[in-house]
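Engineer: Sequence and computational prediction follow.
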Amino acid sequence: HMGSSIGYATSNGRKWSIDSLMTDADLALYAAKRDGRGQACQFTPDMRLKQEQAREFMLAIEEALEDDRVTCVLQPQICLDTGAVTGLEGLGRIRSVSGQLMPPAQILPVLNEMGRLAEFDFLVMQKTLDALVDLRAAGADVPCVSVNASSFSLRSPDYVTRIQIELEIRGLTTEDVVVEILESTLIESAVDAAVTSIKRLREAGIRTLMDDFGSGHATISSLLKLDLDGLKIDRSLIAEIENDKTLEAVKAVHGLATNLNLTVIVEGVETPQQFAILRAIGCEMAQGFGVCKPLELSAFKAWIDSYGSSAVQELQTRVAQSS
């Protein structure tokens, strides 16, 4: 059984060449593949415009990497019982020439296409560890930081060694960092290089979490294959947690993780109702806009300075009112 994707272009009666017509048809073919394959797509002039914009954006990303405009924003994780900060996650961003931070949905697919996602992960890890050192020097009590590792990073043979070196340079220990595993569905074999890296992380004393569990990408099968320390319940489940079926799903995931002795962090917690439900289930840690939005280092310093007993008391009051 054979299938096909077709891109085609037609002459508009003006001056044209075979080469330009074939280029247009190729752009239409790319669109047909991108939109699901198995279809025919006709060239339109906006395809050429989109191609030019994509090329320009790729060049902008290239320049940002060369100019050291990779940075991180920080988002705390808290204990649902006490409100205490239990850690924070460093999320990668790229600063545009104008100074604006580009959102991850905009930059990650491009970095992937460029083959530079592992490099980006490493730069963000460096920035996140620098932030931890800076925060502790300023007196902040931050137990650890989390960094994201794509499958490209995990398949780098020197990934674990590079983390150890970066920790040693800053006088940090393996207890100070947690690696969040992304794109778990790409890990399909016990001999996968990514599986080897995860085992080496554990042997080195570096904790690992499965990110976005319940998003449709991470599976129970992946969870059982990998030697992990915990998981993060995806925000897509928490957004619908007041729905009875979703609530039962979250309870099931939390119960499974507890029985497997895995740490659980709940992502995307935003409302007092969500806080109250999660506490009733027995979830221990939460992360989301309801606690704090991702902030750059200077703004995060101000947030954590103000996040004392009064802030915790306010959080508990809101939760109590929603119960």
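Structural biologist: In hand now; what should we look at? Everything quoted here is computed from the prediction, not taken from an experiment. Residues are numbered from 1 along each chain as shown.
Engineer: then stretch 33-52 to CSV, C-alphas only?
Structural biologist: Taking C-alpha atoms only, stretch 33-52 is exported to CSV below (Å, rounded to 0.1, in the frame of the first residue of the first chain):
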residue,chain,number,x,y,z
LYS,A,33,3.5,17.1,4.6
ARG,A,34,3.3,19.6,7.4
ASP,A,35,-0.5,19.6,7.4
GLY,A,36,-0.9,15.8,7.8
ARG,A,37,0.4,14.1,4.6
GLY,A,38,-1.7,12.1,2.2
GLN,A,39,-3.1,15.2,0.5
ALA,A,40,-2.5,17.6,-2.5
CYS,A,41,-1.7,21.2,-1.8
GLN,A,42,-1.6,24.1,-4.3
PHE,A,43,1.0,26.7,-4.1
THR,A,44,-0.1,30.2,-2.9
PRO,A,45,2.1,33.3,-2.7
ASP,A,46,1.9,33.5,1.1
MET,A,47,3.9,30.2,1.3
ARG,A,48,6.9,32.0,-0.1
LEU,A,49,6.4,34.8,2.4
LYS,A,50,6.2,32.3,5.3
GLN,A,51,9.4,30.6,4.0
GLU,A,52,11.2,34.0,4.0
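Engineer: What residues sit buried inside that stretch?
Structural biologist: Going by neighbour count (16 or more other Cβ atoms under 10 Å), the buried part of stretch 33-52 is 41, 43, 47. Placement of C-beta: from N, CA and C, glycine included.
Engineer: ok but the first one is inside a helix, no?
Structural biologist: No - counting by DSSP: H, G, I helix; E, B strand; the rest coil, one finds residue 41 to be strand, located in no helix.
Engineer: Check what pLDDT the closest residue in space to it that isn't next to it in sequence gets.
Structural biologist: Of all residues not flanking residue 41 in the chain, residue 32 sits nearest, at 3.8 Å (Cβ to Cβ, 6 or more residues apart in numbering). The per-residue pLDDT reported for residue 32 equals 87.
Engineer: isn't residue 32 right next to residue 7, touching?
Structural biologist: Yes - between residue 32 and residue 7 there is a contact at 5.3 Å, judged by Cβ atoms under 8 Å.
Engineer: Need the overlap of contacts for these two.
Structural biologist: Taking Cβ atoms under 8 Å, 6 or more residues apart in numbering as the contact rule, residue 32 and residue 7 both touch 40, 41.
Engineer: Check the separation of the first and last residues in stretch 196-212.
Structural biologist: 21 Å (Cα to Cα, to the nearest Å).
Engineer: Can you tell me what sits against it?
Structural biologist: Counting by Cβ under 8 Å, 6+ apart, 146, 148, 154-156, 159-160, 163-164, 173-175, 177-182, 184, 218, 222-223, 226-232, 234, 263, 265, 267 sit against stretch 196-212.
Engineer: Could you rerun that using 7 Å?
Structural biologist: 148, 154, 159-160, 163-164, 174-175, 177-182, 184, 218, 223, 226-232, 234, 265 (Cβ atoms under 7 Å, 6 or more residues apart in numbering).
Engineer: how about it: buried residues?
Structural biologist: 196-198, 200-202, 206-212.
Engineer: mind listing which of the residues you listed are in helices?
Structural biologist: Within those, residues falling in helices by DSSP state H are 196, 197, 198, 200, 201, 202.
Engineer: got JSON lines for these, with pLDDT too?
Structural biologist: Shown next, in JSON lines, are those (pLDDT from 0 to 100):
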{"residue": "196", "pLDDT": "89"}
{"residue": "197", "pLDDT": "91"}
{"residue": "198", "pLDDT": "90"}
{"residue": "200", "pLDDT": "94"}
{"residue": "201", "pLDDT": "95"}
{"residue": "202", "pLDDT": "92"}
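Engineer: Out of these, the closest to residue 238 would be?
Structural biologist: Using Cβ to Cβ, residue 198 is the member of these that lies nearest residue 238, at 25.5 Å.
Engineer: what helices or strands is the host helix or strand of the residue nearest to residue 41 leaning on?
Structural biologist: Assigned by DSSP states H and E, residue 32 belongs to helix 18-34. In terms of contacts (3 or more Cβ pairs under 7 Å, 6 or more residues apart in numbering; DSSP states H and E), helix 18-34 is packed against strand 6-8, strand 40-42, helix 45-66.
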